[in-house]
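Peer 1: need coordinates for the below:
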Amino acid sequence: MSRSHTHVADAVRDEACPVTEVLDRVAGKWSIGILIAAAHGPVRFTELERAINGISRRMLTLNLRRLERDGLLIRTVHPTVPPKVEYSLTPMARELHASLTGLVGWAERHRSAVAEARAAYDTAAKQKTDTD
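Peer 2: Next up, the predicted model:
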């Protein structure tokens, strides 16, 4: 491989890695649900837990910490007994929310088409296996 080709590949990799890391984080299994649920104003942990079907307390905690670390959530602790903790979106996350809303809408509109495509694919694969 030529020296210039290696240099270009390194530059592409160095630029793509942070983008891939960010996309992996915000497109993770639970992150989208958390960001959608927190978009309606300050929300408490238990409200998020109820809004996101199937998430464990531990997984919610880990994802909240990651999203806060990435600058997408603001965690506010109110000095009460017991402490009241609320989560809200940062301006950066509000911008992301607009894209996520479009993605969620697309998924809802095409859910049945995807299910039909999967069924057709599985049927064809089964028929192919039966004939082999």
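Peer 1: residue 102 and residue 123, how far apart?
Peer 2: From residue 102 across to residue 123, the span is 31 Å (Cβ to Cβ, to the nearest Å). For glycine as for every other residue, the C-beta is placed from the backbone atoms N, C-alpha and C.
Peer 1: give me the most central residue, this protein.
Peer 2: residue 27 (2.9 Å; Cα atoms, centre = their mean).
Peer 1: any idea how far it lies from residue 104?
Peer 2: From residue 27 to residue 104 the distance is 12 Å (Cβ to Cβ).
Peer 1: ok, now residue 132?
Peer 2: For residue 132, the distance to residue 104 - Cβ to Cβ - is 40 Å.
Peer 1: neighbour count for these two, which is higher?
Peer 2: Neighbour totals were compared for residue 132 and residue 104, and residue 104 leads with 13 against 5 (other Cβ atoms under 10 Å).
Peer 1: is the closest residue to that one other than its chain neighbours within a helix or a strand, and which one?
Peer 2: Nearest residue to residue 104, sequence neighbours excluded (Cβ to Cβ, 6 or more residues apart in numbering): residue 36, at 6.6 Å. Using DSSP states H and E, residue 36 sits in helix 31-38.
Peer 1: the longest helix in the chain is where?
Peer 2: Longest helix in the chain, counting residues (DSSP state H): helix 91-131.
Peer 1: now find how far off-centre the helix holding residue 36 is within its chain.
Peer 2: 8 Å (Cα atoms, centre = their mean, to the nearest Å).
Peer 1: pairing partners for the helix or strand that it is followed by, with directions?
Peer 2: Where DSSP H and E defines the elements, the next helix or strand beyond helix 31-38 is strand 43-44. Here strand 43-44 is paired, per DSSP bridges, with strand 84-89 (antiparallel).
Peer 1: which parts of the partner strand are buried?
Peer 2: Residues 86-89 are the ones in strand 84-89 that count as buried (16 or more other Cβ atoms under 10 Å).
Peer 1: next one: stretch 73-81
Peer 2: 73-74.
Peer 1: all set now, cheers.
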